[in-house]
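*Asks:* What shape does this take:
(chains A and B)
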Amino acid sequence: MKQENALEAVNVSCVFRINQGLLKGSKPLVAVNGVSLQIQKGKVVGLVGESGCGKSTLANILLGLQRPTSGDVLYSGKTATGFSNRHIARRIQPIFQDPYSSLNVTKTVKSIISLPLRIHKIGDAASWDSKVNEMLDLVGLPKRVAESYPSQLSGGQRQRVAIARALIMRPEVVICDEPTSALDVSVQSQILNLLQDLRLELGLTYLMISHNLAVVEHMADRVAVMYLGRIVEEAESAVLFKEPKHPYTRALLSSVLTPDPRLGVPDTQLGTIFPNPIDPPTGCSFHPRCASRIDICSQKMPAPHLEKQHMAECHLFSK
Amino acid sequence: MKNSSPFLRGRQTAEEILEPRPMAKLRRRVFKNHSFLIGAVILISIILIALLAPLFSPHDPYDQDLARRLMNPFWHDKKTNDLYLLGTDKVGRDYLSRLIYGAQISLLIGFLTILISGTIGTALGVVAGYFGGRVDMVVNFIINTRLAMPVFLVAMAAVVAFGASLHVVIMVLGLFLWDRFAVVMRSITMQARDLDYVKAARAIGCSTPYIIIREIFPNVLSSLTVVATVEMANAILLEAALSFLGFGVQAPTPSWGLMLNEGREYMFFSPWLLALPGTGLFLLVLAINLFGDGLRDVTLERER
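*Replies:* Numbers count the residues shown, from 1 in each chain, chains lettered A, B, ... in the order given. Alright, predicted model coming up:
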């Protein structure tokens, strides 16, 4: 039962050159290192990982905003080369983390939401207005908001406007880059439920990028865990949360805070140091922080180990 | 409250409904900002007087008559000043009329200079800030090259080469006062470029010129107007200085700097010849600066 992939990354790498100073030359920073990720049509794929692990770079590559150094992005099975940014824009739209910076404060809500239609010359001025009203209705905002400026809206309302802008062209895939982490806790669930409703109503495919595991567990069908530019574990959401394989995933899951204050802050045994991506560790990049490392970890990169749709990249399983 | 009713879901709360429209907020801030009001009133009066100079000036500013030279203004001499309220200069031209036409020259130079320099500086600054990297390095080099050239020396060289006239002054100032525009626009564009709305616009498929002109530019406009007022005052003072030294506007054009120069030799006996154009310059520059500062306070807050 092979399902169609709406979006697929094939062995994508992205390397930045970091200037060290005038005479020292530049050093490569491998932000994304040979990542392959399939996003099946109609599914929600979660992408979790620490800050700086390359999640947002991967999102930019998928959106066509950043050219991968090597590898390929496939849109509905077709390669991206030859696709202009405008083509990609009609298939994939982003929702950003901070609704305070993702909306242009000098524009009205109507002008923000209708921008994609105007840029792609879909319909005429009259149809834009009715489309905007339709979208406002869909994301649960009253029609009179159309004439207001973002400064007059609350964070949750702004995020709804951003969602309306992303969906007005009916893209196939929406990349949600931490869509709730800048919002109040009370508004977070509203936005998540809205995203979930819209997905079912419009048949969307989501890539949910988050460091909030609860959000990913709630939303995602499949979860990929990213560490230092690599996807180290990938499995169905239910499986991954029940029996994580990779020590990093286990540590992440144990870091979830509980509502009981007497339990204190959980010990992840990860230490506090995130490795410097300019100077990554030898072998498995996770080994300096790993609780269950063995000798081979510091010498050899582990190969991905696939078992029942559950991929883990760790020496513990590739024996 | 019926907040839980399904009818109210997704609607605005009372607080947001009560929040005034941006225009009303703007109006309230304008009237609370006294320096802005004072600056605006003086500036608008000077602009009106300059525009309607033929209506306000009692005489032809070029009409000479040695028989009535160096007449005192009204506060010195109660007999002869019915027709010449602020006296006459050394060749008998009505001083009030010359002051009024002098305002025309100052404002003309101020506006044209910021039009030219603002266009150059904004274009360079926005492009450098948006693209960064190599482009930024090139623009920075151009800015540094410009900063290394003293305006006065270049102005003198230009006068020697092309002769002194109003056009030459405007061109020199216009081509030389863009550095602050470029520096300020560059840094503000750099900040704006990294905000998510620019990324969203790119993800929508907007072209780079569209993003720069339609998305980023409106956001840097308020800073641009503030720089423009500062530079305008600067240009007016520079023109006065150049004219005073004889490198700017040439006689008999009524420029305030030139009037200062012409009145110099009578400083001890007819001090108003210096005091009046000096006051004019002072008021105009003060008004522009107050207006610019006020404008920043009034408009910048709108953004959040």
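
*Asks:* switch to C-alpha atoms for all contacts and neighbour counts from now on
*Replies:* Noted.

*Asks:* wouldn't A:P266 be in contact with A:P259 here?
*Replies:* No. With contact defined as Cα atoms under 8 Å, A:P266 does not reach A:P259; the gap is 11.7 Å.

*Asks:* More neighbours: those two, which one.
*Replies:* Taking other Cα atoms under 10 Å in any protein chain shown, A:P266 and A:P259 do not tie; A:P266 has more neighbours (12 against 8).

*Asks:* does the more buried one count as helix, strand or coil?
*Replies:* Secondary structure state of A:P266, per DSSP: H, G, I helix; E, B strand; the rest coil, is coil.

*Asks:* and the residue nearest to it when sequence neighbours are not counted, how many residues sit next to it?
*Replies:* Excluding the flanking residues, the one nearest A:P266 by Cα to Cα, 6 or more residues apart in numbering or on different chains is A:S255, at 5.6 Å. The number of residues packed around A:S255, counting by other Cα under 10 Å, is 16.

*Asks:* what are the phi and psi values for A:S255?
*Replies:* Main-chain dihedrals, A:S255, degrees, to the nearest 10: phi -90, psi 0.

*Asks:* And for the one 10 residues further on?
*Replies:* With angles defined as degrees, to the nearest 10, A:V265 sits at phi -80, psi 130.

*Asks:* in the stretch 201-319 of chain A, which spans are helices?
*Replies:* A:213-219, A:237-242, A:247-254 (DSSP state H, counting those that start in this stretch).

*Asks:* From the contact counts, what lies against the shortest one?
*Replies:* Applying 3 or more Cα pairs under 8 Å, 6 or more residues apart in numbering or on different chains; DSSP states H and E, one finds that helix A:237-242 makes contact with helix A:213-219, strand A:222-227.

*Asks:* Pull the CA coordinates from it and hand them back as CSV.
*Replies:* Extracted in CSV, the C-alpha atoms of helix A:237-242 (Å, rounded to 0.1, in the frame of the first residue of the first chain):
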residue,chain,number,x,y,z
SER,A,237,3.7,8.8,16.3
ALA,A,238,2.1,6.2,18.5
VAL,A,239,5.0,3.8,18.3
LEU,A,240,7.7,6.5,18.8
PHE,A,241,6.0,7.9,21.9
LYS,A,242,5.4,4.4,23.3
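
*Asks:* Spell out which parts of the stretch 101-250 of chain B neighbour chain A.
*Replies:* Listed as neighbours of chain A in the stretch 101-250 of chain B under the rule Cα under 8 Å from any Cα of the partner chain: B:195-200, B:202-206, B:215, B:218-219.

*Asks:* and B:G125, which of the helices and strands packed on helix A:237-242 is closest to it?
*Replies:* Closest to B:G125 of these is strand A:222-227 (Cα to Cα; 38.6 Å).

*Asks:* need the contact list for the residue in the stretch 101-250 of chain A that chain B sits nearest to.
*Replies:* Closest residue of the stretch 101-250 of chain A to chain B, Cα to the nearest Cα: A:S102 (4.0 Å). The contact partners of A:S102, taken as Cα atoms under 8 Å, 6 or more residues apart in numbering or on different chains, are A:F96, A:A162, B:L195, B:D196, B:Y197, B:V198, B:K199, B:A200.

*Asks:* Nearest residue to the middle of chain A?
*Replies:* A:I209 (2.6 Å; Cα atoms, centre = their mean).

*Asks:* Quick check: which of the helices and strands packed on helix A:237-242 is buried the most?
*Replies:* Across these, averaging neighbours per residue (mean count of other Cα atoms under 10 Å in any protein chain shown) puts strand A:222-227 on top, at a mean of 24.

*Asks:* That one: partners in the sheet, and parallel or antiparallel?
*Replies:* Sheet pairing of strand A:222-227 (DSSP bridges) gives strand A:44-48 (parallel), strand A:230-236 (antiparallel).

*Asks:* I'd like the mean pLDDT over the shortest one, please.
*Replies:* Same thing as strand A:44-48. Per-residue pLDDT over strand A:44-48 has a mean of 93.

*Asks:* for the longest one, same thing?
*Replies:* Per-residue pLDDT over strand A:230-236 has a mean of 90.

*Asks:* and the angle from that strand to helix A:247-254?
*Replies:* 60 degrees (axes from the mean of the first three to the mean of the last three Cα atoms, to 10 degrees).

*Asks:* Please enumerate residues in contact with strand A:230-236?
*Replies:* Contacts for strand A:230-236 (Cα under 8 Å, 6+ apart): A:32-36, A:221-226, A:240, A:245-246, A:249, A:304, A:309-314.

*Asks:* need the residues of chain A near chain B, please.
*Replies:* Close to chain B, as judged by Cα under 8 Å from any Cα, chain A has residues A:63-65, A:85-86, A:89-90, A:93-94, A:96, A:98, A:101-106, A:116, A:119-120, A:140-142, A:151-153.
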